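**Q** okay, predicted coordinates and the sequence, questions at the end:
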Amino acid sequence: MRPVPSSLLLRTRPSVLHLRLKSSYNPIRSIQATQVPVLPNLSKIHPASSMATPWQIRVPATDTGLLRWAQTDESAAKVSELLQKDLESHHVFFNAEGFHNHTVHLLLSLYATGASPDVLEQAYAENHSYQIKAMSTHPDVVKELKSGWSADCPYLGKGKHYPDFLKFFQDEIEEKGWEKVLLEYVFKGDERSEAIYGRLFAGFLHPLIQLMYGIEWHQPAIVAEGLAQAAVHENRVGAFLTKVEQAASSQPQSQSSQKRTPLPELFESVRQYSEKLATSAQYGDSNKVYDGVFVRAPDEALEFLKQIRVGEDELEERLAEMVHSCAYVAATAAFHPPNVPKFDFFLIHHLNSSPFFVTLLSFPWLTSSQKARILEWKIRLDIVQYIARGCPPLRLDALKSFTPKDSTIASATKPEDLLSRFHEILDDGHTIKVVRAFFIAQKLSQKFADRPWIRIKDDETWLKMHQVLLQSTEGPQEPSLWVRSAGFDDAWQNVPKEADGKL
């Protein structure tokens, strides 16, 4: 395994690698966006993706995902080439601790937001250097998987068997098509599919995020990667969410959409509901979900979360509400005066994964009950993660009053004006994923501007969210791009203060 250069390691909790940044940037350019339907019919924009196979990634210039922004044939060829290299050359983890390979996320998020071939190439080069090489399959294991496996399969949850599950799912997709494979191995409702279903939510949602790019771009190979990645994660989150689901189903779903508590209000009210739950995670916990919330307040968490229900007749609005809430929480938790703003590393994963549900809920081959169920799971885990981060105050007023220090950031009149600068940030993809998710969240929210759950109500505030993100990730950042667990004062100890002038 190629060692990670010590100069690139985080000074804080090593949850993921962050790379150095380029201080220079290209002249600001604007990419004009077209309107995106709330639930787009993605089957209409993937005709060329039929060339893709479980072993070959081909992304056409006509397909830039949910945003549907224009791209060039050259960028399409480059992103396809680099994604193919990643598929053939890299493992799903880049070290023995199970840190995730983000190459697919990085490349497709850059591509979706208009990045040039040179930007794509440089981003790949920066992230290729520390990846683990792809491992060989264990032929006997693959043969055993093909003969049939169950929820207690001994290869589940073990990273060394990623290539075996990848080969298995590639073969299954080749035979049946990726839609039918998802129906069988994720949504069937038997013990085996439940074992994969729960694991999609593990690892800070990384298996689900990987699968997201596969289904959004209709790339069978990336779908196989996402399913294989899920298979080699543990299932503790899934086990807990199953208990919540069982508790919720034992009581009638009596609240109408007019009477239920708006989702942002649930985040805002955790501390009032139960101080024990709100303080169940401690800063010193190795894993603040498993060692905090699930250990110190499991009953309180279950009782709080079981009130979250999604009706089959309200999917469109509840989807928009979930995505909007993730954007709202991520942006407003970034303020901890007098420290400079920093986004919480863990909370952004719940925002960055939200486009998965926009795509998934557009598929006619899933039932309304299947869509409602997976959306309930996501919303419940969103709140668990917020509690695990110490329930950071959600400072909407601070966001609205934010003024960028850089005059060129402040002069932007729309978020698209900042895209070229975001493309110059050489991290592992988290930043550009937030950018893309903000655009999607803003568009989804437009239809529901009069709803009580809307917190970000005007274009100026959406622009400020991009400006805060750019200011906190561009150029040298101390101690890192992100804060980890923003609800704890200790997490901000080494973050510069506004008066320090260190930005």
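**A** The structure has been received and is ready for your questions.

**Q** which residues are in contact with residue 113?
**A** By C-beta atoms under 8 Å, 6 or more residues apart in numbering, the contact set of residue 113 is 31, 67, 69, 419, 422, 423, 432, 435, 436, 439. The C-beta positions use only the backbone N, C-alpha and C, and glycine is treated the same way.

**Q** now with 10 Å?
**A** Residue 113 is in contact with 31, 33, 64-65, 67, 69, 71, 119, 416, 419-420, 422-423, 432-433, 435-436, 439, counting by C-beta atoms under 10 Å, 6 or more residues apart in numbering.

**Q** from the residues you listed, which land in helices?
**A** 119, 419, 420, 422, 423, 432, 433, 435, 436, 439 (DSSP state H).

**Q** in the stretch 351-500 of the chain, which spans are helices?
**A** 355-360, 368-388, 396-400, 407-410, 419-423, 430-446, 459-473 (DSSP state H, counting those that start in this stretch).

**Q** with the stretch 101-250 of the chain instead?
**A** 103-112, 117-128, 139-146, 162-176, 178-185, 191-199, 206-216, 220-231, 236-249.

**Q** which of the ones you listed sits closest to residue 494?
**A** Each of the helices of the stretch 101-250 of the chain was scored for nearness to residue 494 using C-beta to C-beta, and the closest is helix 117-128 (24.6 Å).

**Q** between helix 103-112 and the worst-scoring helix or strand of the chain on mean pLDDT, find me the angle.
**A** Lowest on mean pLDDT, DSSP states H and E among the helices and strands of the chain sits helix 117-128, with a mean of 92. Going by axes from the mean of the first three to the mean of the last three C-alpha atoms, to 10 degrees, helix 117-128 is angled at 160 degrees with respect to helix 103-112.

**Q** sorry, back to before: may I see the helices of the stretch 351-500 of the chain arranged in a markdown table, with mean pLDDT, distance to residue 138 and mean neighbour count as well?
**A** Compiled in a markdown table, the helices of the stretch 351-500 of the chain are given as follows (pLDDT from 0 to 100; distance: least, C-beta to C-beta, whole Å; neighbours: other C-beta atoms under 10 Å):
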| stretch | mean pLDDT | distance to residue 138 | mean neighbour count |
| --- | --- | --- | --- |
| helix 355-360 | 98 | 30 | 24 |
| helix 368-388 | 99 | 31 | 22 |
| helix 396-400 | 99 | 50 | 16 |
| helix 407-410 | 96 | 51 | 13 |
| helix 419-423 | 98 | 40 | 23 |
| helix 430-446 | 98 | 33 | 24 |
| helix 459-473 | 98 | 40 | 21 |
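
**Q** now do the contacts for residue 140.
**A** residue 164.

**Q** same check, this time on residue 467
**A** Contacts of residue 467 by C-beta under 10 Å, 6+ apart are 341, 399, 402, 403, 404, 405, 406, 409, 410, 412, 415, 418.

**Q** kindly report the same for residue 103.
**A** 82-83, 85-87, 89-90, 94, 123-124, 127-128, 131, 428-429.

**Q** residue 409 now?
**A** 28, 403, 417, 418, 421, 466, 467, 468, 470, 471, 474 are the contacts of residue 409 under C-beta under 10 Å, 6+ apart.

**Q** against residue 310, how distant is the closest residue in space to residue 233 that isn't next to it in sequence?
**A** Nearest residue to residue 233, sequence neighbours excluded (C-beta to C-beta, 6 or more residues apart in numbering): residue 202, at 3.9 Å. Residue 202 is 21 Å from residue 310, where distance means C-beta to C-beta, to the nearest Å.

**Q** and the two? Which one has more around it.
**A** Ranked by neighbour count (other C-beta atoms under 10 Å), residue 202 and residue 310 place residue 310 first, with 25 against 20.

**Q** wait, doesn't that one sit right on residue 370?
**A** No. Counting by C-beta atoms under 10 Å, residue 310 does not reach residue 370; the two are 11.3 Å apart.
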